[in-house]
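Q: 3D, please:
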Amino acid sequence: MIGSPLQFLRNASKSRQDAVMIIFPIVVTAGFFLACWSAGTAFAKNCDPLTMLQLAIPQIGEQGSKCESLPFWGDLASITLTITAALSIAVHFVLVARLQRLGEKLTASGLVVDTSELRSELEGHLLRWKCHPVLRIVLLLVCLLGSVFFYIRTHDRSQVFVGLSRQTSGHTSAESFENTWWMNFENHRYITSAWLLLGAIGGYYAVKQGALYLYLVREIRKTDWEFQYVPALRDENFGWAPVGEIINIVYVGFVNFAFASAVLFYVMGSERGGNWPEFAILVLGVLALLFSAVALGMLIKFMVKNHRGVIDREKMRVLENASDPTEVESAAYWMAYGTHLHLAPQSYPLRSRLKPLLALAPGVFALSRVFAELRK
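A: Numbering: from 1, shown residues only. Take a look at the predicted model:
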């Protein structure tokens with residue numbers, strides 16, 4: 001069932017894999033937009049994404065609104081969750097594809113001589129999932145129930161509809177927004193069902209992604225590879241680019257989890273009491289972010305530790321071979337080699353050092369909104 005997309009991604013270049021993670025959520029979101037267009041719920045007069053953004057973040061603008069219904073285009077929370085669910089699916093497949101080629105790429109870069117153990121371990125991990133169809137079906141059903149519960153909770157108790165009514169100064173009631181919501185099941189059953197299925201599938205692959213993070217942490221802790229020194233003239237990332245590709249995926253997963261958790265936490269909040277689902281979402285979101293953070297930290301620590309070890313080992317070789325004054329040419333070579341080692345990064349080997357910090361900014365912003373909601 002999943003062989004075809006995995007095969008395509010496995011053979012695709014990094015840029016094409018990145019394009020899939022960008023294009024797939026856009027296509028899925030555009031599909032829902034077109035479906036709502038045909039149902040007449042894509043747009044509504046005086047109701048755009050800024051309306052809900054002002055509701056969620058009052059500091060950015062005026063509170064007044066003339067909204068009389070909640071179309072797809074005006075439902076920024078649902079648009080965000082559509083994107084994050086689709087992105088969760090794309091991220092999982094790209095992560096599996098990159099892990100499948102990790103050993104091959106590490107060998108090709110010259111960083112590691114033999115990665116057959118990694119390939120066999122990964123194949124075993126993926127096979128265990130395939131050999132348990134009942135577990136996969138149960139997980140998907142649990143995610144589907146969670147998606148349905150999200151819809152019922154949002155439709156009946158969400159603070160979003162109350163907030164939109166306040167923005168109109170009571171001109172449009174919260175019940176009216178609930179009834180004219182683009183995802184009202186009574187009026188738009190097929191669109192609502194499709195969206196709930198997307199949410200369930202997105203949650204399913206998010207859980208599988210978390211399982212892959214646990215697998216990564218386990219493999220990193222027990223690996224005993226002997227790493228080789230790859231000069232910058234051969235690879236500007238000193239052979240660590242394949243690991244950097246995995247790190248980038250974990251960054252994307254972290255930001256995706258953060259935004260999805262923040263939006264779910266906000267939407268499921270209620271002024272009618274019974275806020276336990278809101279805090280359940282917070283706990284699950286924190287656990288997901290914890291998995292991402294641990295995997296990310298372990299990957300970076302693994303890379304930095306082993307790169308530093310390779311540099312130190314090569315420096316010792318320089319000292320041993322450049323100390324013989326009778327071998328002038330050899331000593332000159334080793335001194336030049338030592339200078340090259342001295343100029344190489346001593347800890348983080350990847351060329352881009354600012355990008356990882358900037359990549360966390362959206363996730364930090366999303367989490368700040370969660371804490372803002374908690375302070376209310």
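Q: What mean pLDDT does whichever strand or helix holds residue 310 get?
A: Following DSSP states H and E, one finds residue 310 within helix 276-321. The pLDDT scores in helix 276-321 average 81.
Q: and residue 241, what is it in contact with?
A: 105, 109, 235, 350 (Cβ atoms under 8 Å, 6 or more residues apart in numbering). (Each C-beta comes from the backbone N, C-alpha and C, glycine too.)
Q: Tell me the one of the residues you listed nearest residue 265?
A: Relative to residue 265, the closest of the contacts of residue 241 is residue 350; by Cβ to Cβ it sits at 32.9 Å.
Q: can I assume the closest one is in contact with residue 244?
A: Yes: applying Cβ atoms under 8 Å, one finds residue 350 in contact with residue 244, separated by 4.8 Å.
Q: Tell me which residues of the helix or strand just after the helix holding residue 310 come out buried.
A: As assigned by DSSP H and E, the chain's next helix or strand after helix 276-321 is helix 328-343. Within helix 328-343, the residues that count as buried by 16 or more other Cβ atoms under 10 Å are 331, 334, 337-338, 341.
Q: repeat for stretch 235-248
A: Residues 235, 237-248 are the ones in stretch 235-248 that count as buried (16+ other Cβ under 10 Å).
Q: Identify each of the helices in this structure and give its residue range.
A: With DSSP state H as the criterion, the chain has helices at 3-11, 14-39, 49-56, 76-109, 116-130, 133-157, 159-167, 174-179, 189-222, 241-267, 276-321, 328-343, 354-375.
Q: that older thread, take the contacts of residue 241 and write them to JSON lines, including pLDDT.
A: Below are the contacts of residue 241 laid out as JSON lines (pLDDT from 0 to 100):
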{"residue": "105", "pLDDT": "88"}
{"residue": "109", "pLDDT": "88"}
{"residue": "235", "pLDDT": "85"}
{"residue": "350", "pLDDT": "84"}
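Q: quick one: which of those is most hemmed in?
A: Greatest neighbour count in the contacts of residue 241, by other Cβ atoms under 10 Å, goes to residue 350: 21 neighbours.
Q: Can you tell me the centre-most residue of the protein?
A: residue 253 (1.4 Å; Cα atoms, centre = their mean).
Q: quick one on the thing from earlier: between the helices of the chain, which one is nearest to residue 68?
A: Distance to residue 68, taken as Cβ to Cβ, is lowest for helix 174-179 among the helices of the chain, at 7.4 Å.
Q: How far off centre is the closest one?
A: Remark: helix 174-179 is offset 33 Å from the chain centroid, using Cα atoms, centre = their mean, to the nearest Å.
Q: Next up, the contacts around residue 177.
A: Each residue near residue 177 by Cβ under 8 Å, 6+ apart is listed here: 67, 69-70, 160-161, 164-165.
Q: One more: residue 147?
A: By Cβ under 8 Å, 6+ apart, the contact set of residue 147 is 196-197, 199-200, 203.
Q: Just the buried ones out of those residues, please.
A: 196, 199-200, 203.
Q: farthest pair in those residues?
A: For these, the farthest-apart pair by Cβ to Cβ is 196 and 203; their separation is 10.6 Å.
Q: Could you measure from the closest residue to residue 319 other than its chain neighbours over to residue 232?
A: Spatial nearest neighbour of residue 319, excluding adjacent residues (Cβ to Cβ, 6 or more residues apart in numbering): residue 338 at 7.8 Å. According to Cβ to Cβ, to the nearest Å, residue 338 and residue 232 sit 14 Å apart.
Q: Then residue 280?
A: Applying Cβ to Cβ to residue 280 and residue 232 gives a distance of 49 Å.
Q: try residue 310
A: Residue 310 is 13 Å from residue 232, by Cβ to Cβ.
Q: who has more neighbours, those two?
A: Set side by side, residue 310 and residue 232 show more neighbours around residue 310, with 21 against 15, by other Cβ under 10 Å.
Q: what's that one in contact with, if anything?
A: Residue 310 makes contacts with 227-229, as judged by Cβ under 8 Å, 6+ apart.
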